[in-house]
Every structure is written in structure tokens, then in C-alpha cells.
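A.B. asks: Output the structure for:
(one chain, ligands or ions: 2)
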Amino acid sequence: MHDESSPKNRTSPVRFGVLGTGRITRRLVADLQSTDGVEVTAIASRTAERAKWYADQFGIAAGIAGYDALIKREDVDAVYIALPPSMHAEWSIGAAAQKKHILCEKPLTVSCEEADALDRACRENQVRWLDATGWLHHERTETFAKWIAEKHFGEIGHISAAVSFYQPFQSDEHRLDPKLGGGCLLDLGWYSGGLIRFVTGKMPTAIYADSVIREGVPQRITAMMWFDNNVTATLSCGYDTASRKWFEVAGSVSSLICDDFTRPWADRPARCWVHDAAGTAQEHSFEGQQQERRMIAKLISDEPLESLQRQALDTQRIIDAMEESIRQEQRIVI
Ligand SMILES: NC(=O)C1=CN([C@@H]2O[C@H](COP(=O)(O)OP(=O)(O)OC[C@H]3O[C@@H](n4cnc5c(N)ncnc54)[C@H](OP(=O)(O)O)[C@@H]3O)[C@@H](O)[C@H]2O)C=CC1
Ligand SMILES: O=C1CO[C@H](CO)[C@@H](O)[C@@H]1O
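C.D. replies: Numbers count the residues shown, from 1 in each chain. Ligands and ions are numbered 1, 2, ... in the order given. Presented below is the predicted three-dimensional model:
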């Protein structure tokens, strides 16, 4: 990356523009504004009134009507894209063409073709990109990676991951609109499929997935995956069971169990347990509620992003393969 496009080489703050004024925007804008070396200079909405209202509420200098006007602004170095999934590729690629660095909400896009196009556009324009998958940046996740690399649990044989929450949704919910990339496969499969990719560090060799479709979108997904060396994984996600955000990594010596991996439960430290063969459960807890700020800091640093980008691109491929398996009603060999 040449000097000018490297956010870290700037002596002034990296100036973010935000696309969209929905629920997650509220939290991420606060995270952006409280990250060292970052300033939020503009926010765009489909309507001028909402953009202005939001800008006033959050002390952002400019409230802009329309996303196109925002990505062309000279006082914006990087964008945070908080739109429904089907709009992620279009606006990330558009912003990359304007030489803006990209923080794009999860799921990165709605297909691996789109995700590859996003990655290509960022490379061609020499801008950095990350998907806003906060848990990958929690301090605890580094410990998970270390334990897995050191074979702390022996040989890993099986992984299971489950992420869900129970409806009801508000009206105009993009999660229920197939045209906007709705459904739990993209929304929650991003987390559970991503966890399985994180633990194995690779793509499965085969996938079988089944879905319950209601209102035109997947409301429940159950999947099985096969990897080299006889490693298997199961995935569950859906909008029809109470909140789950947990996984189990089963090894030949012990198992790692975590019940809050996507985000620690409110007012509790992040935690996990290592269960051994004698039934002893050792609890570990981790300080730090800064996963999003650490993610933003990484984007604006000079640290290589390739392995995180590979994680996101593979997660998208895993989701595509699950979708294909559901469509064909059979096991897909990858
Ligand atoms: N990382 C995380 O922890 C979380 C990530 N997310 C992700 O963030 C993204 C946004 O989710 P969320 O904030 O819950 O969504 P919301 O529906 O609350 O907000 C989406 C925003 O997108 C804009 N938008 C543009 N076109 C449309 C359209 N046709 N329909 C609806 N909204 C539209 C709107 O902003 P405006 O009208 O101002 O233009 C709207 O406020 C999703 O990809 C989701 O998966 C969501 C929650 C948590
Ligand atoms: O990413 C997100 C955080 O988790 C929620 C479920 O609890 C998702 O719906 C949301 O899109």
C-alpha cells in the first residue's frame, strides 16, 4: 500500500463517513468516536431529515442525503457501511472506487462472487477493508487461537456452533426481506459458520444443510460439515429459539465450551470453560469489552489484514455452499 492510502501514516485523524442510520449504527458510531485516531465527519441517510437528525444527535458535522454524496466527499477517508446485506457489495465497491477504506457490516456480502468483487475493488484501489465481525477482535479470541495452535485440547475432532434469537421483529425488518439479503443463514450463519472456519482455519471438504423457510427467508438452518483428518462440525442458527451464541470445540484431551462468543453477555466478563475427561470444568474469564474499538484500530493501522480477509471470504464461501446444499437437497462436495 503506498503511503497516502495508509491510514496509519496520517498525522491527522482518519475521517469516517457512515452509511445508514439503523440500530447498529448507533453503537458503532460511539465506538468510532471513542477510538484513538478516528473522527466521524459525516453520516448519510436516504432522507436529508434523518441524516440531519442523526448528525445532530451524535455531534457529527455533516448529515448527508444519499449514500453516493457521502462516498464522494473529500472530508471522508474511510466509510462504515451499516446497510442491509444486499447493499454491502454495491456501496463498498463504490466507496473503494473513491479511494475510501472500508469497514463493512456483516455479512460481508450476499454471495462469494460479490465478496470476491469487493476484495478485488479494494486491492485495485489500494484501500483496506474489514468486515465488522467484532468477536474476532476480542482479546479472548487471541487466547482461543493460541490454545488451538498449541493443541491445548489434543486433536480436535468436532466443533459445534449455535447462534440464534427469538423473534418478534419490527416492521420493515430487512432480516425478513429476501431482496435485502434477509434470513438467518446470512445474518447468524455468518457467526456460526465463521466460528467453524476460525477453529479449523480452512474450508470444509463437504457440507450438508437443511432449512426451515418462512416468509421467503431461512428462519432456521441445521448443517453438518466435513473437513480433512476426520474433523466434523455441526451448525445451528435461527430466529425461532431463544438467544444462543455458543460453541463447543471437542478435542481428544478436553473440550472448550463458550456461551457468549459473538459478544459477552451484558455486565459479565467474557468467559469460557475447558472440560476435561474427568469432568472437571475450569472456568476462564477475560476482561475487555472493546472488540469493536480493537477492530477499528486494526483497520486504520498498518497491520496486514489478509488473514482476517481470508476468514471473511471463506465464511462467505461456506454460506454459499450451505445455500447450494439447501437448494439441491443434498450434500455438496467443495
Ligand atoms: N456487528 C454487529 O454486531 C451487528 C451487525 N448488524 C448488521 O448491520 C447491518 C444493518 O443492520 P441493522 O442496523 O440491524 O439494520 P436497520 O434496519 O436497523 O438499519 C439499516 C439501515 O440501512 C438503511 N437502508 C437503506 N435501504 C434500506 C432498505 N431498503 N430497508 C431498510 N434499511 C435500509 C437505513 O438507513 P437510512 O434510512 O438512514 O438510509 C436503515 O436505517 C446488517 O448487515 C446486520 O447484519 C446488525 C446488528 C449487529
Ligand atoms: O449481527 C448481529 C448481532 O446479533 C444479532 C442477533 O443477536 C443479529 O441479528 C445481528 O445482525
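A.B. asks: Residue numbers of the stretch 51-200 of the chain in contact with ligand 1?
C.D. replies: Applying C-beta under 6 Å from any ligand atom, we find that the stretch 51-200 of the chain lies next to ligand 1 at 82-85, 105-106, 132, 134, 174, 180, 187. In short, each C-beta sits where N, CA and C put it, glycine included.
A.B. asks: May I see these organised as CSV, with secondary structure and distance to L70 added?
C.D. replies: Shown next, in CSV, are these (DSSP: H, G, I helix; E, B strand; the rest coil; distance: C-beta to C-beta, whole Å):
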residue, secondary structure, distance to L70
A82, coil, 12
L83, coil, 12
P84, coil, 17
P85, helix, 19
E105, coil, 15
K106, coil, 21
A132, coil, 17
G134, helix, 23
H174, helix, 20
L180, helix, 20
D187, helix, 25
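A.B. asks: Determine which two of those residues are furthest apart.
C.D. replies: Farthest-apart pair in these is G134 and L180; separation 21.7 Å (C-beta to C-beta).
A.B. asks: quick one, which of those two is more surrounded?
C.D. replies: Shown here are G134 and L180; by other C-beta atoms under 10 Å, G134 has more neighbours (21 against 18).
A.B. asks: Not counting sequence-adjacent ones, nearest residue to the more buried one?
C.D. replies: Q291 (4.0 Å; C-beta to C-beta, 6 or more residues apart in numbering).
A.B. asks: what does S254 give?
C.D. replies: Nearest non-adjacent residue to S254, counting by C-beta to C-beta, 6+ apart: D276, 4.4 Å away.
A.B. asks: wait, what's in contact with that neighbour?
C.D. replies: Residues in contact with D276, defined by C-beta atoms under 8 Å, 6 or more residues apart in numbering, are 253-254, 282.
A.B. asks: Between those, which sits nearest H138?
C.D. replies: Nearest to H138 among the contacts of D276, with distances taken as C-beta to C-beta, is Q282, at 19.3 Å.
A.B. asks: for the chain, what are the low-confidence residue spans?
C.D. replies: Across the chain, the ranges flagged by pLDDT under 70 are 1-9.
A.B. asks: max-length helix in it?
C.D. replies: helix 306-328 (DSSP state H).
A.B. asks: could you say what helices and strands that helix packs with?
C.D. replies: Judged by 3 or more C-beta pairs under 8 Å, 6 or more residues apart in numbering; DSSP states H and E, helix 306-328 is in contact with helix 112-124, strand 129-131, helix 184-187, helix 189-200, strand 206-214, strand 217-226, strand 332-333.
A.B. asks: Now mean neighbour count too, for these, in CSV please.
C.D. replies: Formatted as CSV, the helices and strands packed on helix 306-328 follow (neighbours: other C-beta atoms under 10 Å):
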stretch, mean neighbour count
helix 112-124, 18
strand 129-131, 25
helix 184-187, 26
helix 189-200, 26
strand 206-214, 18
strand 217-226, 22
strand 332-333, 14
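A.B. asks: Nearest to ligand 1: which residue in the stretch 101-250 of the chain?
C.D. replies: Residue of the stretch 101-250 of the chain nearest ligand 1, by C-beta to the nearest ligand atom: E105 (3.5 Å).
A.B. asks: got a list of what that residue touches?
C.D. replies: So E105 contacts 24, 80-83, 85, 88, 131-132 (C-beta under 8 Å, 6+ apart).
A.B. asks: ranking the residues you listed by neighbours, who comes first?
C.D. replies: D131 leads those on contacts (other C-beta under 10 Å) with 29 neighbours.
A.B. asks: so that one sits right up against K106, yeah?
C.D. replies: Yes: counting by C-beta atoms under 8 Å, D131 does reach K106; the two are 5.2 Å apart.
A.B. asks: Strands - which of the contacts of D276 land there?
C.D. replies: Judged by DSSP state E, the contacts of D276 include 254, 282 as members of strands.
A.B. asks: quick one: which of the contacts of D276 is most hemmed in?
C.D. replies: S254 leads the contacts of D276 on contacts (other C-beta under 10 Å) with 21 neighbours.
A.B. asks: Hmm, that one is touching I156, no?
C.D. replies: No: if you go by C-beta under 8 Å, S254 and I156 don't touch, sitting 10.7 Å apart.
A.B. asks: what residues does the stretch 51-200 of the chain put near ligand 2?
C.D. replies: Counting by C-beta under 6 Å from any ligand atom, the stretch 51-200 of the chain sits next to ligand 2 at 106, 165, 187.
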